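Q: sequence and predicted structure are below.
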Amino acid sequence: MTILEYLRRILILCLLMACTAVNASFEEEDIKLVYKFDMKTEVMPALWRQTQQAFNEAEELEADYILIHMNTYGGLVQAADSIRTKIINTPTPVIVFIDNNAISAGALIAIAAQQIYMRPGASIGAATVVDATGAEVPDKFQSFMRAAMRATAESHGKDTLVTETDTLIKWFRDPVIAEAMVDPSVEIPGIIEAGKVLTLTSEEAIAAGYSEGMASTIDEVLQKAGVANYEIVEYELTTMEAIIGFLIHPIFQSVLIMVIIGGLYFELQTPGIGFPFGMAFLAAVLYFAPLYLEGIAQNWEIALFIVGIILLAIEIFAIPGFGVAGIAGLVLMVSGLTLAMIDNIVWEFEGVGLTIFIRSLLLVVFSSFVALVASISASRKLLDTTVFSHLVLNSIQDKEQGYIGVDNQYRGLVGKTGVASTSLRPSGRVEIEYEQYDAKSLVGFIDKGEKVKVVKFETGQIYVVKE
């Protein structure tokens, strides 16, 4: 082998090694980061907060795609609207994989994504706004949802097709189909007839342009989306987030309201800071704290509740009867509990905010009523039992047996003399046999230092005259 041939082989070997390094470098650069986020719960404020965290983390990681793995029957409209707005405004392409259902609020979120893939047998649609009982709310509430669905579909844009005879507009997602998922009066030939709310199957969604295809796994979704070389990073729900999500669930909120009202009732029956107050205080913290962390409850709403408790306590302990302070206290307490569970952003929505407010108000009023009834019933049963019967006085003290409601010592003062310790105008204090007593002048005023005589004892009061 000549020196020239040897050098040629070395050169070829170096070129091969360089090409291999370049290819490896390109392969590394071609790896796409896919950020996966599950939406498999009710669309509630907790899901909206988690969505913000997930999208922020995806942005920090510079993810190439965000993949939402969805299976939901819907939830609160304001939370869904916030999530779909986040999806529309994020610069990172969003892919939704409907594993089973994207119903109601879930449909609004799904159609905000750039690409939708559905598992065979999945469905999307049925976005009519309903109340807590499942009944349709009035049309002014549906109007917001119809507009939100249309606007979301329109956000994906359209193509203008010019032919020799006409100009056609082809939407990427047809807004009329989105509106038909809310309004049963919308009729689309070949898709839905009037009088029915539209829900699309996987096959129907593909035909209507509301799905890019069917897939059974995440890998299949990404393959059909054209993402070949990828790495998946999943959003992980922290323990604190799981606890918060549990605490702000309407059922648990109802239980906390019952504990708050019940604890306050028992505390007012037995004055002094004790166990009932402690339970009510703990329940109030568990009620307001997660809502505050979620950004739903505001400082002034918590203040309303606290001021309400103060006014109610003043009415009970300082002002006889039950009047303005007591009524105002109850109103402020109910208002604080109700408004704290409503995201302030709902007031920007025409009509929808009223529905959410009424639903929250009914929850608070119903829970408070149940708590009061249960507390009154429980208090009677507890005090009737052998264990708790010592807490109340059950014996009868008859007058015929010598029991009286005042101290006999005061009756024995009638006829005795003393000195006015203070001016009596007409009430004051007198000193009789080196003891101080409250007294009232029977006739006129008596100056301090004048001699007095006890002439009468009546209804627990000593009456004196000048000696």
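A: Noted; the coordinates are in hand.

Q: state the distance from L222 to K196.
A: 35 Å (CB to CB, to the nearest Å). (Each C-beta comes from the backbone N, C-alpha and C, glycine too.)

Q: quick one, which of the two is more surrounded?
A: Using other CB atoms under 10 Å, the more surrounded residue of L222 and K196 is L222, with 23 against 12.

Q: what sits against that one?
A: 34, 65, 67, 95, 230 (CB atoms under 8 Å, 6 or more residues apart in numbering).

Q: rerun that using 6 Å as the cut-off
A: By CB atoms under 6 Å, 6 or more residues apart in numbering, the residues touching L222 are Y230.

Q: any idea which residue sits dead centre in the protein?
A: Centroid check for the chain by CA atoms, centre = their mean gives M341 as the closest residue, at 3.8 Å.

Q: report the contact partners of that residue.
A: S360.

Q: pLDDT score for it?
A: Per-residue pLDDT puts M341 at 81.

Q: go on, G278?
A: pLDDT at G278 comes out at 84.

Q: same question for the one 3 residues further on.
A: Predicted confidence (pLDDT) at F281: the value is 88.

Q: measure it to P290 for me?
A: Applying CB to CB to F281 and P290 gives a distance of 16 Å.

Q: the residue nearest to M333 when sequence neighbours are not counted - how many residues pack around it?
A: The spatially closest residue to M333, leaving aside those adjacent along the chain, is G308, at 3.5 Å (CB to CB, 6 or more residues apart in numbering). By the measure other CB under 10 Å, the count of residues near G308 is 20.

Q: from V137, how far off is G308?
A: Distance from G308 to V137, by CB to CB: 30 Å.

Q: with M17 instead?
A: 70 Å.

Q: and if you look at S377?
A: Counting by CB to CB - S377 and V137 are separated by 35 Å.

Q: comparing the two, which residue is more hemmed in?
A: V137 (18 against 10).

Q: how is the chain divided into domains?
A: 1-27, 31-237, 240-384, 403-466 (automatic domain parsing).

Q: packed most tightly, which of the ones you listed would that be?
A: domain 31-237 (a mean of 18; mean count of other CB atoms under 10 Å).

Q: and that domain, end to end?
A: 26 Å (CA to CA, to the nearest Å).

Q: next one: it to chain centre, how far?
A: Offset of domain 31-237 from its chain centre (CA atoms, centre = their mean, to the nearest Å): 25 Å.

Q: packing partners for the longest strand along the chain?
A: As assigned by DSSP state E, the longest strand anywhere in the chain is strand 94-103. Helices and strands touching strand 94-103, as assessed by 3 or more CB pairs under 6 Å, 6 or more residues apart in numbering; DSSP states H and E, comprise strand 65-72, strand 115-118.

Q: try it again at 8 Å.
A: Under the contact definition 3 or more CB pairs under 8 Å, 6 or more residues apart in numbering; DSSP states H and E, strand 94-103 sits against strand 65-72, helix 105-110, strand 115-118, strand 123-125, helix 218-224.

Q: and for the shortest one, what's in contact with it?
A: The contact list for strand 123-125, computed with CB under 8 Å, 6+ apart, reads 98, 100-103, 106-107, 110-111, 116, 118, 181, 197-202, 205, 210-211.

Q: what helices or strands is the host helix or strand of the residue nearest to M333 leaning on?
A: Using DSSP states H and E, G308 sits within helix 299-317. Where contact means 3+ CB pairs under 8 Å, 6+ apart, helix 299-317 is packed against helix 250-269, helix 275-293, helix 324-340.

Q: repeat that with 6 Å
A: Checking 3+ CB pairs under 6 Å, 6+ apart, helix 299-317 ends up next to helix 324-340.

Q: what angle sits between the helix it packs on and helix 299-317?
A: 150 degrees (axes from the mean of the first three to the mean of the last three CA atoms, to 10 degrees).

Q: ok now helix 324-340, how far from the chain's centre?
A: 18 Å.

Q: please apply the same query to stretch 244-254.
A: On CA atoms, centre = their mean, the centre of stretch 244-254 falls 7 Å from the chain's centre.

Q: spatially nearest residue to G75 (excluding sequence neighbours)?
A: Leaving out its chain neighbours, G75 is closest to V43 (CB to CB, 6+ apart), at 3.0 Å.

Q: for the one you found, give its distance to D219.
A: 27 Å.

Q: same check on V331?
A: From V331 to D219 the distance is 57 Å (CB to CB).

Q: again, but for L282
A: 47 Å.

Q: same check on A208?
A: Separation of A208 from D219 (CB to CB) stands at 26 Å.

Q: and Q114, by the same measure?
A: 19 Å.

Q: swap in N299?
A: N299 is 48 Å from D219, by CB to CB.

Q: and if you look at K451?
A: K451 is 107 Å from D219, by CB to CB.

Q: likewise for E59?
A: 24 Å.

Q: please apply the same query to S202.
A: 18 Å.

Q: with D447 instead?
A: 102 Å.

Q: ditto for I251
A: 37 Å.

Q: what does T41 give?
A: 24 Å.

Q: D30 too?
A: D30 is 17 Å from D219, by CB to CB.

Q: please apply the same query to F281.
A: 51 Å.

Q: before we move on, what about R429?
A: 93 Å.

Q: same question for M181.
A: Counting by CB to CB - M181 and D219 are separated by 29 Å.

Q: which residues are contacting stretch 297-308?
A: Contacts for stretch 297-308 (CB under 6 Å, 6+ apart): 288, 291, 329, 332-333, 335-336, 339-340.

Q: pass me the low-pLDDT residue ranges in the stretch 51-200 of the chain, would you?
A: 131-134, 161-165, 167 (pLDDT under 70).

Q: and if we set it to 90?
A: For the stretch 51-200 of the chain, applying pLDDT under 90 flags the ranges 74-79, 127-144, 157-171, 190, 194-195.

Q: try the stretch 301-450 of the chain
A: In the stretch 301-450 of the chain (pLDDT under 90), the answer is 301-302, 308-331, 334-336, 338-415, 423-428, 432-447.

Q: one more time with 50
A: Along the stretch 301-450 of the chain, segments meeting pLDDT under 50 span 345-352, 388, 391-393.

Q: can you show me the strands along it?
A: 417-420, 427-432, 435-441 (DSSP state E, counting those that start in this stretch).

Q: may I see those organised as TSV, with distance to E234 added?
A: As requested, the strands of the stretch 301-450 of the chain are exported to TSV (distance: least, CB to CB, whole Å):
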stretch	distance to E234
strand 417-420	87
strand 427-432	79
strand 435-441	77
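
Q: to F457, which of the ones you listed lies closest?
A: strand 435-441 (10.0 Å; CB to CB).

Q: backbone phi and psi for A80, please?
A: phi -60, psi -40 (degrees, to the nearest 10).

Q: wait, it touches A105, no?
A: Yes: in this structure, A80 is within contact of A105 by CB atoms under 6 Å, at 3.4 Å.
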